[in-house]
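Trainee: only geometry, no sequence info:
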């Protein structure tokens, strides 16, 4: 008996299987600048990991209650959207001699829409409601994408790292609970 020869495969690329998309270099650079880690999974998909989103998936926002964990994450997500609407990232320094000139449109530093102005007012109310001890932690973790360990400087009276992390996480949880009504995300009644 003679063995049948195996059919030869062409060395040309098979286009029947679609090529997987990956994050653009710009998206990866932006993620790196904001402190997010990019990793590839076993299936070669790339995930950008935001520390606040990781806190949700590891149930660090409410360790014993999945529902409360999700609600606190939704409050943080609403705060992120509010910050984007406030357009605070678009503020730039302007030379003082340019400020007096009449130019069409809003003056430098002023929002271009009432939506942004309303969002800035709401952010000020959120800062007051969260409190001066918790607001820097909330903005650093939720909006800027920092880790809990990056916020240890906000509790200088505690020198043990794990205790400082516990205090930071607790301040974050309490502040998110206080902001729920203001941002329109509440637990509702059972």
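Mentor: Received the coordinates, thanks. Here the structure is a predicted model, which means the values were calculated and not measured.
Trainee: any idea how far the residue lying closest to residue 143 once chain neighbours are set aside lies from residue 142?
Mentor: Counting by C-beta to C-beta, 6 or more residues apart in numbering, residue 143 lies nearest to residue 83, which is 5.1 Å off, once chain neighbours are set aside. Heads up, the C-betas are built off the backbone N, CA and C, glycines and all. Look at residue 83 and residue 142: by C-beta to C-beta, to the nearest Å, they are 8 Å apart.
Trainee: Of those two, which one has the most company?
Mentor: More crowded of residue 83 and residue 142, by other C-beta atoms under 10 Å: residue 142, with 25 against 20.
Trainee: Quick one: residues contacting that one.
Mentor: Contacts for residue 142 were tallied using C-beta atoms under 8 Å, 6 or more residues apart in numbering; they are 52, 76, 79, 80, 172.
Trainee: Same question for residue 141.
Mentor: Residues in contact with residue 141 (C-beta under 8 Å, 6+ apart) are 51, 52, 55, 147, 148, 151, 172.
Trainee: in whichever strand or helix holds residue 76, what's buried?
Mentor: Using DSSP states H and E, residue 76 falls within helix 66-86. Buried positions in helix 66-86, judged by neighbour count with 16 or more other C-beta atoms under 10 Å: 68-69, 71-79, 82-83, 85-86.
Trainee: how far away is residue 54 from residue 60?
Mentor: Using C-beta to C-beta, residue 54 is found at 8 Å from residue 60.
Trainee: So which of the two has more stuff around it?
Mentor: A direct count of neighbours by other C-beta under 10 Å for residue 54 and residue 60 places residue 60 higher, at 18 against 13.
Trainee: Run a quick check on the more buried one versus residue 170, I expect a contact.
Mentor: No - checked against C-beta atoms under 8 Å, the pair residue 60 and residue 170 is beyond contact range at 11.0 Å.
Trainee: how far away is residue 67 from residue 150?
Mentor: According to C-beta to C-beta, residue 67 and residue 150 sit 28 Å apart.
Trainee: likewise residue 113?
Mentor: According to C-beta to C-beta, residue 113 and residue 150 sit 33 Å apart.
Trainee: now swap in residue 73 and tell me
Mentor: From residue 73 over to residue 150 (counting by C-beta to C-beta), the distance is 19 Å.
Trainee: per-residue confidence for the closest residue to residue 169 other than its chain neighbours?
Mentor: Nearest non-adjacent residue to residue 169, counting by C-beta to C-beta, 6+ apart: residue 148, 5.6 Å away. For residue 148, the pLDDT comes out at 94.
Trainee: Quickly find the element holding residue 186.
Mentor: Residue 186 belongs to no helix or strand, assigned by DSSP H and E.
Trainee: can I assume it is in contact with residue 180?
Mentor: Yes - contact criterion C-beta under 8 Å: residue 186 and residue 180 qualify, at 5.2 Å.
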